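1. for reference, the sequence and a predicted model appear below.
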Amino acid sequence: MGAEVQLRRGARLLVRLPNWVGDVLFCTPSLAALRRARPDLRVTALVRPSVLPAVEGLPLVDEVLTLAGTTPGRTLAEARRLRGLGFDAALVFPKGFREALLVRLAGIPERVGMATDRRGALLTRPVPFTREDWRLHHVIQFARVLGPLGVALEGEGMTFPIGPADREAVTTLLRECGVSGPYAVFHAGASKPPRAWHPDRFAEVARGLSGRAGLRVVLVGTAAESALCEEVRSGAPEAVNLAGLTSLKSMAALLEGASLFLGSDSGPMHLAAAAGAPVVAVFGPGAPGKTAPYVPAGRFRVVYTAHPCSPCRQAFWKECRPSPSGKPPCLEGVHPSSVLTACLEMLDRK
């Protein structure tokens, strides 16, 4: 990889973070390692507005800039803005060509990122990314960007900034919804519907947790997922539907106080892990080895049928036929009894 990047004391470092909340969370161990090894650096995070709540108030960065857009014109304007801020180096965590092009156009002297998407020439320190690296957990993949700075992970975990106002908002919301005792948080959605477990199976687990553990189930998600949450409630009427009623930060505060989180392979699953909730994650076509909750083994369970074709590229119905319910066979094979058992085991460990 060559000699380490030598940054002067107090150098200005731009950190381009990914475009999805889960991936931003996967980068926070790297940010923590960087802060530990080089507390003198002034770190500026560059993010899309959609992930801003994941970095606002994060003690691992000193400043946050938001991208105005990614069209060619916006990219040129952004490059001019960054050029005027005098950054000494940039760490580019996303693997795409456009992100590396931006820091090259900005004229930042040292540009570090993974040598992916034919962008090596745009970086001064392209980090090799092999097929073996591709199989690693995303947290470990992202941490490879630290290598040219001589920094490595030393057990750092994921972080999400939760403030007193976020906790107060959740306390008020739960009181208004009549939730006064211990609760579990369920997220029934996913970025692609075939990745999401059945709502009726979430309902069956909710009934089991209520009867056997005395937990009230709180359903979370976006406003667009409210109807899906109502499908869960149709089979578990005691559940409370908060879909669309929480911000990302108040959802994190809600998860912080939860006895358990249950969800599919999705952003809220990683948010739950970062907030400290015990996690049960249902995987179908995804890759648990790469995107399972990045927490100690005792704090999560993955329920996964591990079909021979899993994980796949998730080009749904081009590589497999859907089950009668419209789900891929790998997700169809995850039964409520297995998930309930995993949930009860996690509660016993708490």
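-> It's in. Numbers count the residues shown, from 1 in each chain.
2. so where is the stretch 201-350 of the chain shaky, pLDDT-wise?
-> By pLDDT under 70, the weakly predicted segments of the stretch 201-350 of the chain are 310, 313-318, 350.
3. mind listing the helices for it?
-> For the stretch 201-350 of the chain, the helices defined by DSSP state H, counting those that start in this stretch cover 226-235, 248-256, 267-275, 288-291, 329-332, 336-349.
4. so can I have JSON lines of those helices showing distance to C309 and mean neighbour count?
-> (Each C-beta comes from the backbone N, C-alpha and C, glycine too.) JSON lines is the format used below for the helices of the stretch 201-350 of the chain (distance: least, Cβ to Cβ, whole Å; neighbours: other Cβ atoms under 10 Å):
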{"stretch": "helix 226-235", "distance to C309": "26", "mean neighbour count": "18"}
{"stretch": "helix 248-256", "distance to C309": "32", "mean neighbour count": "24"}
{"stretch": "helix 267-275", "distance to C309": "22", "mean neighbour count": "27"}
{"stretch": "helix 288-291", "distance to C309": "15", "mean neighbour count": "17"}
{"stretch": "helix 329-332", "distance to C309": "7", "mean neighbour count": "21"}
{"stretch": "helix 336-349", "distance to C309": "20", "mean neighbour count": "17"}
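5. mind giving me JSON lines with the ones you listed and columns for distance to V47?
-> Converted to JSON lines, the helices of the stretch 201-350 of the chain look like this (distance: least, Cβ to Cβ, whole Å):
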{"stretch": "helix 226-235", "distance to V47": "27"}
{"stretch": "helix 248-256", "distance to V47": "13"}
{"stretch": "helix 267-275", "distance to V47": "14"}
{"stretch": "helix 288-291", "distance to V47": "20"}
{"stretch": "helix 329-332", "distance to V47": "31"}
{"stretch": "helix 336-349", "distance to V47": "32"}
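6. of all those, which one is nearest P72?
-> helix 267-275 (28.8 Å; Cβ to Cβ).
7. so which elements touch that closest one?
-> When contacts are defined as 3 or more Cβ pairs under 8 Å, 6 or more residues apart in numbering; DSSP states H and E, helix 267-275 sits against helix 21-37, strand 183-187, helix 248-256, strand 260-264, strand 279-283.
8. surely I108 touches L82?
-> Yes. Under the criterion of Cβ atoms under 8 Å, I108 makes contact with L82 at 7.0 Å.
9. who touches both of these two?
-> Taking Cβ atoms under 8 Å, 6 or more residues apart in numbering as the criterion, I108 and L82 both touch L14.
10. about what we covered before: closest one to R207 among the helices of the stretch 201-350 of the chain?
-> Closest approach to R207 among these (Cβ to Cβ): helix 226-235, 7.3 Å.
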